[in-house]
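Undergrad: Take a look and give me a structure for this.
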Amino acid sequence: MTVPCETPFSEEVSRGYFRDVILGIEYLHYQKIIHRDVKPSNLLLADDGHIKIADFGVSNEFSGGDASLTSSAGTPAFMAPETLKDDLQNFQGKALDIWAMGVTLFCFTYGKVPFEEEYVLGLHKKILKDPVRFPDKPIVSDELKDLILRMLDKNPATRITLPSIKEHPWVTCQGQFTLPSEEVNCELITVTEDDLENVVRHVPKIETLIMVKKILKQKSFRNPFIGVKLSASVKEDFQKSGRSNSAPESFNHIMKRKVSSDANIDEPLMEDS
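TA: Residues are numbered from 1 along each chain as shown. Below you'll find the model as predicted:
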């Protein structure tokens, strides 16, 4: 899912995907891992239609019941308010993932993050001070709004916990479809040598990646390869990398800059429209 977007998921689709996120985060916490960067772009849709959580670049392992953290990490628009205070003190890791899950569910529902600002410092102030405001459209159930508000509680001590999220009426459809217990969900998974080999994929040459970056600077992000004229230098890069002039069509995924992208404090978070 690209954020922002004009066509967010329906409430039913959001529920199905979010149930997968709940089980994934429960498994990580059971294995004593705090993800710290839960967001739509770190959720992958598998062939079976279920969500898989990716990108553990800023995750933390912990011992005991929860992680006690002192440093902020993750994507600005998804960071919990307790990590942004001037008098930064120890904060608990599990509550950070719950907050980011709340922002993610808001994105599923409305196609944008709940707190938006062009610059990071302004964004931090909104996360710390502003209440959550729900757009008029689309119209969603009160149960969904209640869950989002409880996950986006600015006080980590009263923020809803993962076990309570699993039992929330919106998640379970008023108790009709309960999620598996922690014991069932968190059973040990054995990873084989074949599994490890299947994870490794071919990485394009650095020259090819540089060439694609040049092309991206010359065109609209909405229409990646429409109406693009290749300069002599770009054509030369194609030839040096051993690829034909139709090479862009061979790429399955083009990464776009999003409102939730990491940014410097003096750098705008959103692309100008």
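Undergrad: Gly64: how many residues sit nearby?
TA: Gly64 has 7 neighbours, counted by other Cβ atoms under 10 Å. Every C-beta, even on glycine, is put in place using the N, C-alpha and C of the backbone.
Undergrad: just to confirm, which helix or strand has it in it?
TA: For Gly64, there is no enclosing helix or strand under DSSP states H and E.
Undergrad: So for it, what's the pLDDT?
TA: pLDDT for Gly64: 94.
Undergrad: and if you look at Glu11?
TA: At Glu11, pLDDT is 97.
Undergrad: show me the contacts for it.
TA: Counting by Cβ atoms under 8 Å, 6 or more residues apart in numbering, Glu11 touches 109, 138, 140-141, 144.
Undergrad: Mind checking which of those residues are buried?
TA: Neighbour-count burial (16 or more other Cβ atoms under 10 Å) applied to the contacts of Glu11 gives 109, 140, 144.
Undergrad: which ones are touching the first one?
TA: Contacts of Thr109 were listed using Cβ under 8 Å, 6+ apart, and they are 8-9, 11, 14, 138, 140, 144, 148.
Undergrad: Make sure I have this right: it is in a helix.
TA: Yes: counting by DSSP: H, G, I helix; E, B strand; the rest coil, Thr109 is part of a helix.
Undergrad: That one and Ser41: what is the separation?
TA: Distance of Thr109 to Ser41, given as Cβ to Cβ, to the nearest Å: 16 Å.
Undergrad: swap in Met101?
TA: 14 Å.
Undergrad: Those two: which is more packed in?
TA: Neighbour totals were compared for Met101 and Ser41, and Met101 leads with 26 against 19 (other Cβ under 10 Å).
Undergrad: so that one touches Arg19, yeah?
TA: No: in this structure, Met101 is not within contact of Arg19 by Cβ atoms under 8 Å, at 11.5 Å.
Undergrad: Quick check: phi and psi on Phe91?
TA: Main-chain dihedrals, Phe91, degrees, to the nearest 10: phi -140, psi 160.
Undergrad: domain parsing for the protein?
TA: 11-192, 206-250 (automatic domain parsing).
Undergrad: got those as JSON lines, with distance to Thr2 columns?
TA: Formatted as JSON lines, those follow (distance: least, Cβ to Cβ, whole Å):
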{"stretch": "domain 11-192", "distance to Thr2": "8"}
{"stretch": "domain 206-250", "distance to Thr2": "10"}
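Undergrad: out of those domains, deepest packed?
TA: domain 11-192 (a mean of 17; mean count of other Cβ atoms under 10 Å).
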